[in-house]
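[1] Build me a structure from this.
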Amino acid sequence: AILYYFLAGRHYLNVHGSSTWEELVDRICTQQPSSLHEGHPEIPLDLERIVFTALAKSRAQRYKTVAEFAAEVRKYLLAGEQQLNRQRALAQEANKRVRELLAKARAIRAKLKKRAQEIRVLKEEVARLGKETPSWTPLLQKRPLKAAERKLKTIEQEAGRLKQDYLALLGQVLEYHPQQ
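    Below you'll find the predicted structure:
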């Protein structure tokens, strides 16, 4: 009855309004306690089962001894502690993985910034070489322009792959921490 009171914040029986001692005893012997879980959904059903077994009207349905009841409560608490430890370990693993992913994302972002700068410089060079090299210029003299254009194309492709990798990493981070 005390555990029920601590969990629910009220007595397990509606004893108020009993005008006589006989009415009170009759309620204790016949009235079933209301569900803990219905009034307080945060209370696990396993804990409610333990409390209701302790409050059972039939002696055969109750715990035989206080030690048996205490052992059941200890077992429940130990299972909860083990579950909490598993959740902590999973959270630590997830946080470690997120830190790794964010480190990779920062490295990719730094490469992207570097490639963006290279692309700007190469575009300027290609524009300058294009102005300096008339269309009628022999192919041999167009080599610097063609080399700059090829390098620009290669760097732009690499930048595209880096952007895809960056977005994929951010997606993985969001799988671990959707609220970010």
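[2] roughly how far out does the longest helix belonging to the chain sit from the chain middle?
    Ranked by residue count, the top helix of the chain under DSSP state H comes out as helix 66-132. Offset of helix 66-132 from its chain centre (Cα atoms, centre = their mean, to the nearest Å): 12 Å.
[3] From the contact counts, what lies against it?
    Counting contacts by 3 or more Cβ pairs under 8 Å, 6 or more residues apart in numbering; DSSP states H and E, helix 66-132 is packed against helix 45-54, helix 143-176. Placement of C-beta: from N, CA and C, glycine included.
[4] Those helices into a markdown table, with extra columns for mean neighbour count and distance to residue 32?
    As requested, the helices and strands packed on helix 66-132 are exported to a markdown table (neighbours: other Cβ atoms under 10 Å; distance: least, Cβ to Cβ, whole Å):
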| stretch | mean neighbour count | distance to residue 32 |
| --- | --- | --- |
| helix 45-54 | 16 | 9 |
| helix 143-176 | 14 | 45 |
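[5] which stretch in those is the model least sure about?
    Taking the average pLDDT of each of the helices and strands packed on helix 66-132, the minimum falls on helix 143-176, with a mean of 87.
[6] With just CA atoms, put the helix or strand of the chain with the lowest mean pLDDT into CSV.
    Taking mean pLDDT, DSSP states H and E as the measure, the chain has helix 21-30 as its least confident helix or strand, at a mean of 80. Coordinates of the C-alpha atoms in helix 21-30 are reproduced here as CSV (Å, rounded to 0.1, in the frame of the first residue of the first chain):
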residue,chain,number,x,y,z
TRP,A,21,-15.4,0.9,10.7
GLU,A,22,-17.3,-2.0,9.0
GLU,A,23,-17.6,-0.1,5.7
LEU,A,24,-13.9,0.6,5.8
VAL,A,25,-13.0,-3.0,6.4
ASP,A,26,-15.5,-4.1,3.7
ARG,A,27,-13.8,-1.7,1.1
ILE,A,28,-10.3,-3.0,2.1
CYS,A,29,-11.5,-6.6,1.6
THR,A,30,-13.5,-6.1,-1.7
